[in-house]
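**Q** coords below, sequence missing:
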Ligand SMILES: Nc1ncnc2c1ncn2[C@@H]1O[C@H](COP(=O)(O)OP(=O)(O)OP(=O)(O)O)[C@@H](O)[C@H]1O
């Protein structure tokens, strides 16, 4: 598990609108990479191209390449459903399936991928995924209760357990803590730190302290003006980005001079 991603000359469009231009970067395996930058610069858009969720939007398309350990995710023969199984995603608002129990929520993706599991294999995967998401001890006595009955932070960890259950290589997180209180946020941050020993993790965050706390590498995105495409200004080791960035725009942003 855990793969490297190489993005090469990626241009991203919504119909005629050129949203992000010419992104090239490497995302290292077993590490956390954070995307930061002002609103509208394309952080979430870039994130969604890493598991081909972008193209689900009518008219949306990309040019360029996204390679996962040298396999082009946009090659003709690549099945986007398979890509999304290998590259899982966690969203801003926890989104457990409201009518499903905790158990069903965790195993939902596995059933969708039409894997038939024995009861004991399903139980094992359930426990392993919930433990991986640091939720097992809190829910082990109520696995058949609705997932929607958990607190916001627990629901987000349930969504992470659901993502882990299909055994992905990469986990994408789009502002996973923005709907959570500070205690739940810390729980998710601790979890992100643990997840990187098994997965490649990419997180979009508005919170620069969070990027500094959880990530090994940080990419700063920016756009020159409204209506212009966003671009990756620089990507480097997180301590370097926050203490001695190479570009003035990055320094202005992290020192709060704009954004
Ligand atoms: N579904 C869509 N259809 C058309 N344009 C879109 C769509 N989603 C995003 N955009 C546009 O693409 C650009 C980048 O948006 P994106 O949401 O990726 O930025 P962001 O950096 O993640 O912003 P934020 O920090 O506010 O979430 C913006 O101009 C946005 O309006």
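**A** Here it is on my side, so go on. These figures come from a predicted structure and were not determined experimentally.

**Q** from now on I want contacts and neighbour counts done on CA atoms only, so please keep to that.
**A** Will do.

**Q** residue ranges in the stretch 101-250 of the chain under the pLDDT threshold?
**A** Scanning the stretch 101-250 of the chain for pLDDT under 70 picks out 112-115.

**Q** helices of the stretch 51-200 of the chain, start to end?
**A** For the stretch 51-200 of the chain, applying DSSP state H, counting those that start in this stretch gives helices covering 80-86, 102-112, 119-132, 136-139, 152-165, 182-195.

**Q** which strands or helices does the third one pack on?
**A** Spelled out, it's helix 119-132. Other helices and strands packing on helix 119-132, by 3 or more C-alpha pairs under 8 Å, 6 or more residues apart in numbering; DSSP states H and E, are helix 102-112, helix 136-139, helix 152-165.

**Q** go through those helices and name the closest to residue 79.
**A** Closest to residue 79 of the helices and strands packed on helix 119-132 is helix 102-112 (C-alpha to C-alpha; 15.2 Å).

**Q** could you give me the buried positions within that closest one?
**A** 102, 103, 104, 105, 106, 107, 108, 109, 110 (16 or more other C-alpha atoms under 10 Å).

**Q** and among the helices of the stretch 51-200 of the chain, the most buried is which?
**A** When the helices of the stretch 51-200 of the chain are scored by mean count of other C-alpha atoms under 10 Å, the highest mean neighbour count falls to helix 152-165 (a mean of 26).

**Q** relative orientation of that one and helix 102-112 in degrees?
**A** Taking axes from the mean of the first three to the mean of the last three C-alpha atoms, to 10 degrees, one finds helix 152-165 and helix 102-112 inclined to each other by 30 degrees.

**Q** could you check the angle helix 182-195 makes with helix 152-165?
**A** With the same axes, to 10 degrees defining the directions, helix 152-165 sits at 20 degrees from helix 182-195.

**Q** residues contacting helix 152-165, please?
**A** Contacts to helix 152-165, defined as C-alpha atoms under 8 Å, 6 or more residues apart in numbering, come from residues 88-90, 93-96, 102, 105-110, 125-126, 129-130, 132-135, 147-148, 171, 176, 179-181, 184-185, 187-188.
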